[in-house]
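Colleague: Mind looking at a prediction? Sequence and model below.
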Amino acid sequence: KGLIFPNWLSWQAGSIIGILAGSQVPESWGLGFAGTLAILCVMLPLILNRAATVGVLVSGVAALVTFAWPYKLGLLFSVVVGMAAAMLFEEYCTPSRAAGEQRDA
């Protein structure tokens with residue numbers, strides 16, 4: 001019961017921020033942009049480590065660069081490139097992984 005008020009307050013604050021920020025988005029961007037923002041809001045809390053951050057940044061840059069590709073292939077490309085970047089970063093740049101490999105060798 002103790003979390004009812006903070007939960008309600010954060011819900012109201014998020015709603016007000018969404019209403020105010022949503023009114024600033026040009027109508028020419030359409031509903032697709034709103035869907036992208038909704039997915040972004042769901043995904044941001046899932047960034048828990050540096051590898052995930054690298055994947056998100058690489059994917060975001062790739063999505064911007066490939067925005068004009070036909071059939072939304074840029075989106076697919078961005079997801080694959082972001083996942084590959086996160087996996088490669090975790091494999092080769094994470095200190096715990098690198099230390100573990102040196103001990104095994």
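Modeller: Received, thanks.
Colleague: What separation is there between residue 14 and residue 93?
Modeller: Computed with C-beta to C-beta, to the nearest Å, the distance linking residue 14 and residue 93 is 34 Å. Quick note: C-beta positions are derived from backbone N, CA and C, even for glycine.
Colleague: Actually, residue 8.
Modeller: Using C-beta to C-beta, we find residue 8 at a distance of 42 Å from residue 93.
Colleague: and what of residue 86?
Modeller: Computed as C-beta to C-beta, the residue 86 to residue 93 distance reads 10 Å.
Colleague: what about the two, which has more around it?
Modeller: residue 86 (21 against 12; other C-beta atoms under 10 Å).
Colleague: and the more buried one, what helix or strand is that in?
Modeller: Following DSSP states H and E, the helix or strand that holds residue 86 is helix 73-92.
Colleague: Can you work out which residues contact both of residue 86 and residue 93?
Modeller: Shared between the contact lists of residue 86 and residue 93 (criterion: C-beta atoms under 8 Å, 6 or more residues apart in numbering) are residues residue 51.
Colleague: so how many other residues sit close to residue 55?
Modeller: Burial of residue 55, expressed as a neighbour count using other C-beta under 10 Å, amounts to 23.
Colleague: I meant to write residue 30 there.
Modeller: Using other C-beta under 10 Å: residue 30 sits among 10 other residues.
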